[in-house]
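*Asks:* When you get a sec, could you give me coordinates for this:
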Amino acid sequence: MQSHRLSVSALVVGLAAAFSLAVGWYQLFGLRELHQYLEYDDGVWFGTSVRLAHGIFPYRNFVDDGPPGVPVAMLPFALWSRSVGTATAFAAARVAVPLFETVGVVALGWMLRHRGALTIAVACGAMAVYPVCLIDQRTVMLEPFCATLCVLGLAAVFEGDRLSGRTGALVVGGALFGLAGTCKPFALLPFVVVTTALLASPARRRL
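*Replies:* This next block holds a predicted model:
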């Protein structure tokens, strides 16, 4: 019975993740947005990465008003742009973003696996079709990376409905929240909630 329940839950998570990825790629390929002007600041983040690939450092050589996480994450594509051109590398980076956001859908399903298929379907389905997610996953934005890393952090620190008492899990969760913070300072909010809950739990000595 337990294995059947887990199989159904895994199927629901897989369908939600596949839908999220399909919608992201449909926007890029089906609606032909791969090389279109989509957002006012996506070029800023990728452009920062391209500059970094040429040894021009943000905060030292030019002004950058955001954390460095996303430009660093885009560095492999920026380095590739030196041989294939910026337009092709930027398009490839856009294709990769829906993949990363799909990881967040899977992590959410994993975190809620003890709650059953209906809860997983509602949560993962909502994340897969949430309008802001659909907009942001088309291109290089801060939000998909910050949100996915925050969900991964939550999945690491929770065991069922309780915060984990294992030091290793809390260290991994803290590292993931830290990485999320390098993408966007918004990650501080769920981190504060988790640390406050940890202070109120029997595992507070592991804070």
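
*Asks:* May I ask which helix or strand encompasses the most centrally placed residue in the chain?
*Replies:* When the chain is reduced to its mean C-alpha position, the nearest residue by C-alpha atoms, centre = their mean turns out to be Thr148, at 2.4 Å. Using DSSP states H and E, Thr148 sits in helix 142-157.

*Asks:* so what's the closest residue to Leu134 other than its chain neighbours up against?
*Replies:* Taking C-beta to C-beta, 6 or more residues apart in numbering as the measure, Leu134 lies nearest to Val23, with 6.1 Å between them; neighbours along the chain are not counted. Placement of C-beta: from N, CA and C, glycine included. Residues counted as contacts of Val23 (C-beta atoms under 8 Å, 6 or more residues apart in numbering) are 98, 128-129, 134, 137.

*Asks:* Find the pair from these with maximum spatial separation.
*Replies:* Based on C-beta to C-beta, the longest span within those runs between Pro98 and Val129 and measures 13.4 Å.

*Asks:* rewinding a little: name the strands paired with the helix or strand that comes right after the helix holding Thr148 and say parallel or antiparallel.
*Replies:* Of the helices and strands lying after helix 142-157 in sequence (DSSP H and E), the nearest is strand 158-159. Based on DSSP bridges, the strands next to strand 158-159 in the sheet, each with its direction, are strand 162-163 (antiparallel).

*Asks:* Give me the buried positions along the following helix or strand past the partner strand.
*Replies:* Scanning forward in sequence from strand 162-163 by DSSP H and E, the next helix or strand is helix 167-183. If you call a residue buried by 16 or more other C-beta atoms under 10 Å, then helix 167-183 has these buried ones: 169-170, 172-174, 176-177, 179-183.

*Asks:* secondary structure element for the residue nearest to Leu134?
*Replies:* Val23 belongs to helix 2-25, assigned by DSSP H and E.

*Asks:* and that helix with helix 142-157, angle?
*Replies:* Orientation check (axes from the mean of the first three to the mean of the last three C-alpha atoms, to 10 degrees): helix 2-25 against helix 142-157 gives 170 degrees.

*Asks:* And the contacts of the following helix or strand past helix 2-25?
*Replies:* Counting by DSSP H and E, the element after helix 2-25 in chain order, helix or strand, is helix 42-53. Under the contact criterion C-beta under 8 Å, 6+ apart, helix 42-53 has outside partners 57-58, 61-62, 64, 66, 68, 70-72, 74-75, 77-79, 81-82, 86, 89-90, 93, 139-142.
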